[in-house]
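Visitor: Fold the stuff below for me.
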Amino acid sequence: MPEETNRPTVLITGSSGFLGQAIARGLRNRYQVIGLDVAVPKGQSETIATIEIDLTSDESVRTALEKVRQRSGGRVASVIHLAAYYDTTGKSDPKYDAVNVEGTRRLLSALRSVDTEQFIFSSTLLVHAPSPRKGIAIDEDDPLDPTWAYPKSKAETEAVIAKERGSIKTVVLRLAGVYDEDCRAAFVAQQIARIFERLPTAYLFSGDLGAGQPYLHKDDLVDAFVRAVERRAELPDETVMLIGETVTLSYGEMQKRIGKLVHGEDWQTFVLPKGLAKTGAWMQTEVLEQDTDIKPWMVETADDHFEIDISRARRLLGWEPQHSLAATLPEMIRRLKEDPTDWYQRNKLEPSAVAATEPELDQARERLRGPLERSEAQVDAAIERHRLFTLWAPLANVALGLWLLASPMTLGLFDPVAAPAPPALGHEIAEASIRNARLGMSEIASGLLVIAFALGGMYRRWSWLQWITAAVGVWVMFAPLVFWTTSPAAYAIDTLVGMLIPVFAVTIPPTPGISRRALAADDDRPLGWSYSPSSFTQRMPIVALAFVGLFVSRYLAAYQLGHVDGLWDPFFGPGGAPTDNGSEAVVTSWVSKGFPIADAGLGAFAYGLDILAGAIGDRRRWRTMPWMVFLFGLLIIPLGAVSVSFIIIQPPLIGALCTLCIIQAAVTVVLIPYSVDEVLATLQYLWRAKLAGEPFWRTFWKGGPALSEDQTPEPDLDRPASQVLREFIIGGVNFPWTLVASVLVGAVLMSTPLAFGTEPPLYHSDHIVGCLVIMIAVIAMAEVVRPLRFLNAVFGAWVAASPFLLSGGTTIGTIADLVIGLALVALSLPRGTRSEEHYGGWDRAII
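Guide: So this is what the prediction gives:
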C-alpha cells in the first residue's frame, strides 16, 4: 500500500481484529491508517497496511514505532489502542499485566519518539461499580470497582495512561459490550446458543433476573471513535467517556425475547440459589474438568446491574447511539436460523454443535433434491473402471475354489483315522473318519459354489452374486469347528482360505449393493465431525488387534480340538483339575464343554469376521455401508462383553484362571473404544438422512448421499508415517491418567488374594468388580462414551462397602478395599483430557 503522508496518520493497535478492521474502515477515507498487530494478516489487507508489533517486547515496540515514524513523516494524529489480552475464565493471568498494563506503558514510552497528538484507549464500563439500584445511571465520576481480572487490568491501564501520557492528549472510552447483526458479543452469543440448543443451563440463572448490562452496536462504536479522532483538537487533555446504549435489557427480558425469536415460545427461566449455582459451576470446571461457558466468577457477578449516563459523550462528541440491542436481536436470530454453523463460526462457538440442527438439515434436503455431485452415469463409469481393474480378484477366488475341490484328497480327509475324543468335547459326536469325511464333502461343495458364484459375479449385472461367494467363504472358516475335524492342516487352511474368499469377493472389487447416490460424493466426514471415523488409520488398530485375538484363540482352539497336546500358561495352576495349568483347565471345563463347538474356535471365527468387517469399505462407509458398520459393532461389542464374562466366571465357577484367556479378553475389550465412534456416526447419519428425506431402510442397506456441503477429503494413509502412527493410536481415543489409574486399580482388585490374603466370597466380589472396572475404564477411553466412566463410581462404592457385607477379608484387605473403593469413586468423576475432535453435536454428551 503506497504511503499517504499528505493525510493525518492514525495508528490502530489490534488492527486485525473485528473492531480494528471496522474502525479502520470508518477512518480510511480521511486518514492514513496504519495497523499494529502481533501478527500481520495473511495477504494484503484491503483496509490498512499492518506493522508487526509485540507489546511485551521493548525491541519490537521500538522497531515498529520507527517504521511508523518513517511512514508518517514523524507525526501521528491519533493512536487508537485496542490490543489487549482477554479471556472468560475470570482467573488472573500474567498476560493481563504483560500485555494490557505493561504493554500500554511500553507503547506510550515509545510514542515519545513520534509527534503524537492523541491517544485513545479502549476500556470497559466494567471498571465501574454496578449501579446502586435499578433506574440509577452511573457516570464517569462514579466509583471504580472492577470485580474480575479483565476489567481490573483495564482500570490499572487507565492509571498507567494518566501517569505516562506526557504531553499526549488522552481519551479513555469505557465501552459497553459490542455487538452487530451477527451478534459477536460473547456473552449474548452464549446465551442465544444455550437457548437454541435447549441446554439445561438455558433454563437456569443464579442472580437477579432484572439485572443486566448495556450494549453497543459496532457501527455506533465506530462513530464514537471517528468523532473522538476528528475532535482531537477540541477535547480536553484528559477525558473519560462512557459509550453505550442508555436502555439496559435485563437477563430475564433477554431470555424471553430470545426464546420467543428462536423457538416461538415463552421461555421459562428459574433462579438457582447462588450457593448451589457456584457449587455446580465449581464441580463442572474443577472436579469433572468440563468446559463450560458459565464460570464460578460469573455467579458472583450475576446480580450486577449497569445503567449508564452518556451525557459527557453527547456534549464532547455529539455522539448518540443509533441502534439498540432490542431492535437488532430479530436480525441476529434470523441469521442464526438461516445458517447455524456459519453463525457459530463467526461467534467463536463450536459449529459442530449445530451441524445437524433443523436449518442445516433443511439445507441438506434442498441440496438432495437437485443434482448430486456426480451423475449416475459418472458413478457407473467409475464403478466400471474399478471393476475392470480388479477382475483378477474373482479369478483368484476361482483358484481358491479349485483348491477347495482338491484339498480333501490332499489333506487325507477321506482316509481312515482313529483319534481320541477332543479335550473340550462335551457331547456325543461321530467317529473321527466320518467327521473328516463330512468336512471333505463340505469343502468340495464349497469349492464348486465359490467357482460358480465368482464366475457369475464377474458379469456386471450379477455382481451381487459376490456376496454369496463371500458367504460361502465364511462357511469355509466355520466348517472345521462344526465337524470337529482331527486335521490341523484342514483347520488352518480353511481358516486362511475362508478369510481370503470374502476379501477377493467384496473387499477388493467394487462392493456390490451400494447405491449410486451414496457414491456420488467423496464427502467422508459426518455432519459436525472433525474427522472420518471410517478412515483406514481409524480401522487399522482394530484389524491389527483382531489378528492378535485370532492367533490366541486359534491356539486355544487347537488344544480344544486335540490338534496340540498342551497349552502354555506361565502364571496359573490347574486349581484341582486333571490338567497341567490354568489355561488347560479353563478351556476344558464344564463351561467350555457346554458349547456345541469349541468355544475358543468360535472366538477365533468371530475375530476373523472382525478382520473382514474392519477391512471392507472405504472411508465413507459410515454412510455408504451402514449395515456393515452395525455388523462390525455387533461383532466387537458383544464379543467383548462375552470375553470379560468368561474371565469373571473363571475363579468362582471353574476354580482356575487362564492367562491366554485374559490376553484374549484384553484384546477384545481394547477393540471396543476404537470401533464405537464409527457406530455412533452411522446412527447419527441414519437419523439425519431420514430427517432430510432419505428412505431409512434403503439408506441402511444401500447407503445414502452426503448431507454436508461439498468437502475435500483429508489425506489418510498418504501422510507422514508419524501422523499415521499418531492417528493409529489416538484416533477417537485418548488416555486420561484417571482412566489409566482406574485400569490399574481394577488389576489390583483382581489380585487381592495374592496382595492382601483375601478369600471368597470377598475375593470373588473383588475379582468380578475388577474385571468390570477395567472394561469400563478402557471403553471410556473412547471420547464418545466417556460418561460411561461414572459406572465405576458405583463399583467403587460397592468395593468400599463390600468388606463389611461379605466374609473372607483380612484387616489389611478390608483397609485396602476401602481405600481402593474411594479412590475409584474419585478417579471416575473427572472427565480427563479432551481432544480437539468434534462429534456432530455429541460433544455435549462428553461430560
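Visitor: Mind pulling up the pLDDT for P2?
Guide: Per-residue pLDDT puts P2 at 43.
Visitor: and if you look at the one 3 residues further on?
Guide: Note on T5: pLDDT of 51.
Visitor: Over to the one 10 residues further on?
Guide: At S15, the predicted lDDT confidence score is 92.
Visitor: In this protein, what residue spans correspond to strands?
Guide: 9-13, 32-37, 49-52, 75-81, 115-124, 169-175, 177-179, 204-205, 215-217, 238-243, 270-271 (DSSP state E).
Visitor: Run through the neighbouring helices and strands of the longest one.
Guide: What that stands for is strand 115-124. Helices and strands touching strand 115-124, by 3 or more Cβ pairs under 8 Å, 6 or more residues apart in numbering; DSSP states H and E, are strand 75-81, helix 149-164, strand 169-175, helix 218-230. In this view, the C-beta of every residue, glycine as well, is placed from N, C-alpha and C.
Visitor: just the third one next, same as before
Guide: If contacts are counted by 3+ Cβ pairs under 8 Å, 6+ apart, strand 49-52 sits against strand 32-37, helix 58-72.
Visitor: Rounded mean pLDDT for the shortest one, please.
Guide: Right, strand 32-37. When pLDDT is averaged along strand 32-37, the result is 94.
Visitor: other SSEs contacting it?
Guide: Packing contacts for strand 32-37, counted by 3+ Cβ pairs under 8 Å, 6+ apart, involve strand 9-13, helix 18-27, strand 49-52, helix 58-72.
Visitor: Just name the most buried of the ones you listed.
Guide: Stretch with highest mean neighbour count among the helices and strands packed on strand 32-37: strand 9-13 (a mean of 27; mean count of other Cβ atoms under 10 Å).
Visitor: Tell me what angle that one forms with helix 218-230.
Guide: Compare the direction of strand 9-13 with that of helix 218-230 by axes from the mean of the first three to the mean of the last three Cα atoms, to 10 degrees and you get 130 degrees.
Visitor: neighbouring contacts of strand 9-13?
Guide: Contacts of strand 9-13 from elsewhere in the structure, counted by Cβ atoms under 8 Å, 6 or more residues apart in numbering, are 20, 23-24, 27, 31-37, 48, 53, 55, 68, 71-73, 75-83, 107, 229.
Visitor: ok, now stretch 456-464?
Guide: The contact list for stretch 456-464 (Cβ under 8 Å, 6+ apart) reads 384, 387, 391, 394-395, 465-466, 468-469, 505, 509-510, 512-513.
Visitor: Any regions of the protein where pLDDT drops low?
Guide: Along the chain, the model assigns pLDDT under 70 to residues 1-5, 42-47, 277-278, 280-297, 710.
Visitor: between the strands of the chain, which gets nearest to G573?
Guide: Evaluated over these, closeness to G573 peaks at strand 204-205, with 59.0 Å, by Cβ to Cβ.
Visitor: so what does that closest one touch, helix or strand wise?
Guide: helix 251-263, strand 270-271.
Visitor: how far does that strand sit from the chain's center?
Guide: Using Cα atoms, centre = their mean, to the nearest Å, the mean C-alpha position of strand 204-205 is found 27 Å from that of the whole chain.
Visitor: Parallel or antiparallel, which strands does that strand pair with?
Guide: Each strand paired with strand 204-205, and its direction, by DSSP bridges: strand 270-271 (parallel).
Visitor: buried ones in the helix ranked longest in the chain?
Guide: The residue-count maximum for a helix in the chain (DSSP state H) belongs to helix 659-691. By neighbour count with 16 or more other Cβ atoms under 10 Å, helix 659-691 contains the buried residues 659-662, 664-686, 688-690.
Visitor: which secondary structure elements does it contact?
Guide: In this structure, helix 659-691 packs against helix 358-369, helix 536-560, helix 582-587, helix 599-615, helix 621-624, helix 626-649, helix 696-702, helix 762-779, with contacts taken as 3+ Cβ pairs under 8 Å, 6+ apart.
Visitor: out of the ones you listed, which comes closest to P715?
Guide: Taking Cβ to Cβ as the criterion, P715 comes closest to helix 536-560 out of the helices and strands packed on helix 659-691, the separation being 9.6 Å.
Visitor: E431 and I597: what is the separation?
Guide: Applying Cβ to Cβ, to the nearest Å, the value for E431 to I597 is 18 Å.
Visitor: Which one's more surrounded, the two?
Guide: Here E431 and I597 are set side by side on neighbour count (other Cβ atoms under 10 Å), and the busier one is I597, at 19 against 12.
Visitor: Tell me if I'm right that the more buried one and V482 touch.
Guide: Yes. The pair formed by I597 and V482 meets the contact definition of Cβ atoms under 8 Å, at 6.2 Å.
Visitor: residue contacts, A22?
Guide: Residues in contact with A22 (Cβ under 8 Å, 6+ apart) are 218-219, 221-222.
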